[in-house]
Structure formats: C-alpha cells, structure tokens
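> just coords:
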C-alpha cells in the first residue's frame, strides 16, 4: 500500500511541476478517489525526499546566483550518445526503504554502453558517498584523455569538496539544469529498472539479502540484460566489441 501511494504521490508531484506540498497532493488524490490523509502523504514525502519547490525556491535562487561564477554548465544537453567508453560518465543517488531504514544507492554509469562502472550504498546521501562512488569507478576504469562527469545540482554534487576532487583528476563536471530530471535521464532510467525489476518485486529477509540483491542486479544489468540502446547487446558485450576493434583504447 505504501509503495503504491508513493508511486501516486510521485506522479502528482511531477505532473504539477514539483510545486504541490502534502496538503495539495492529498487533495488531488482524494479527488481521484484515493483515500489518504495529509499526514500520510507528508510522511511518505519525507521518506521520498520530496519537498514543494515553493519551500526552497528563494534559497535555490540565491544558490544559483552564487554558483553562476562557477560556470555550472550542462555540457551534454541531453546528448546521451558518445563514440567511445570513458568519454562521459553520469551519476546520481536514489534511495530505497527497507526494514524502516533508508538506503541511498549511488551509481556511476558510462554513457557509451550504459555500463554501471561503480556503485556504493549508504545510510546518508552525502558528499562522501558520491565521492567514494566516483573514486571506485575511476580506479576501476583508469580513464585516459578528457572525461566529463554529469550529475544533477544536489548539494552533495555541488559541494566544494567534490568540485575540488574532480578538478584534481582533471575531470570536467557537467550539471543538469535545476529541476530538469530529463537532463540526467540515463541514470534515472537505470534506477527505474533497478526498482521495478528487482527491489519492488522481491521480499527480503535480511539486510544482507537486500544488499546482495542490488549487487546481483547490477551484475545482471551489465552482463545479461540486453539494452536497446546498444542494439540489444548487453553493456558488457557492447564494450567488449568496441575494445576488440579499437585496441588503442
């Protein structure tokens, strides 16, 4: 029931430009015949980290003005096709509730074949989490040449610590526009697949089983799940074919 309500809340929230708070979302749902209280909507929105943009709009405006000097450019502009691996990586964080705890899942994907090249799970959505995830991907791939990393403008990604870390690696940081989730659609699509194909449909009996499920799904996604973007090959197959033809990489 709670998962069903979360889906309905997310739909109303997105359809109304992320403006509505718990009271208005509850009203919309009641008008659609969904019996739910404002308190329940408010509780679920807190779990989903959803807030009316009205609440933070002034703060975000000031933050945007402050960050203008940093040239937080969108370098990819929804152009999600690249010529080779290790040219553009994308990353983001989602969360999932299990056993009354929130688990934050951070991933980094390579746009070329949609390969998940790094992930970490934490109880906190922090700069430390996104930095550790990127570090895991970077040390695994050891990219050569110019690399762009694209993310949203969440506080963890725009922090000075994270910015300084990427600059130390000569990685260019690209940012989605504020409140435009489609600017990071590839990683959003991965999270949707992870939840719909694995997490929502599995009953876990322990935290260990839950965490192992995420690990197993990522292996499955990379090595066994065909992806239409790479002509129904798996990400692993698409990268293997590329490297067999381009040994210089």
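Arrived safely, thanks for sending. Values in this document were obtained by computation on a predicted structure and should not be read as measured data.

> and the next helix or strand past the least confident helix or strand in the chain by mean pLDDT?
Ranked by mean pLDDT, DSSP states H and E, the helix or strand of the chain with the weakest confidence is helix 53-67, at a mean of 61. The helix or strand immediately downstream of helix 53-67 is strand 88-98, counting by DSSP states H and E.

> average pLDDT for that following strand?
The predicted model assigns strand 88-98 a mean pLDDT of 96.

> tell me which element the closest residue to residue 116 other than its chain neighbours is part of?
Residue nearest to residue 116 in three dimensions, not counting chain neighbours: residue 218, with 5.0 Å by Cβ to Cβ, 6 or more residues apart in numbering. Every residue, glycine included, has its C-beta placed from N, CA and C. In this assignment (DSSP H and E), residue 218 forms part of helix 207-223.

> how about the spatially most central residue of the chain: which residues does it bridge to?
Centroid-nearest residue in the chain, with Cα atoms, centre = their mean: residue 92, separated by 3.0 Å. Taking DSSP bridges as the rule, residue 92 bridges to residue 107.

> go on, residue 88?
Beta-bridge partners, per DSSP bridges, of residue 88: residue 148.

> surely it meets residue 145?
No. Taking Cβ atoms under 8 Å as the definition, residue 88 is not a contact partner of residue 145, at 11.7 Å.

> quick one, which of these two is more surrounded?
residue 88 (25 against 9; other Cβ atoms under 10 Å).

> wait, what's in contact with that one?
76, 82, 110-112, 147-150, 174 (Cβ atoms under 8 Å, 6 or more residues apart in numbering).

> could you work out the most separated pair of these?
Longest distance between any two of the contacts of residue 88 is 15.7 Å, between 112 and 174; criterion Cβ to Cβ.

> any weak-confidence spans in this structure?
Scanning the chain for pLDDT under 70 picks out the ranges 53-70, 247-249.

> would you list every one of the helices in it?
For the chain, the helices defined by DSSP state H cover 2-15, 22-31, 38-47, 53-67, 127-141, 155-158, 160-168, 185-194, 207-223, 235-245.

> which outside residues touch the fifth one?
The contact list for helix 127-141 (Cβ under 8 Å, 6+ apart) reads 85-86, 89, 91, 93, 104, 106-108, 110, 117-120, 122, 149, 151, 155-157, 159, 161-162, 165-166, 169.

> measure stretch 168-181 end to end?
Taking Cα to Cα, to the nearest Å, the first and last residues of stretch 168-181 lie 27 Å apart.

> how much space separates the residue nearest to residue 162 when sequence neighbours are not counted from residue 177?
Among residues not flanking residue 162 along the chain, residue 127 sits closest, at 5.3 Å (Cβ to Cβ, 6+ apart). Separation of residue 127 from residue 177 (Cβ to Cβ, to the nearest Å): 21 Å.

> higher neighbour count, the two?
Counted by other Cβ under 10 Å, residue 127 and residue 177 do not tie: residue 127 has more neighbours, with 19 against 15.

> give me the buried positions along stretch 136-150.
136-138, 141, 143, 147-150 (16 or more other Cβ atoms under 10 Å).

> out of the residues you listed, which is nearest to residue 33?
residue 150 (40.1 Å).

> is it true that that closest one touches residue 90?
Yes. Assessed by Cβ under 8 Å, residue 150 is found in contact with residue 90 at 4.7 Å.

> okay, and the common contacts of those two?
Here residue 150 and residue 90 have residue 184 as joint contacts, going by Cβ under 8 Å, 6+ apart.

> returning to what we had before: ok, so of the buried residues of stretch 136-150, who is nearest residue 246?
residue 143 (14.4 Å).
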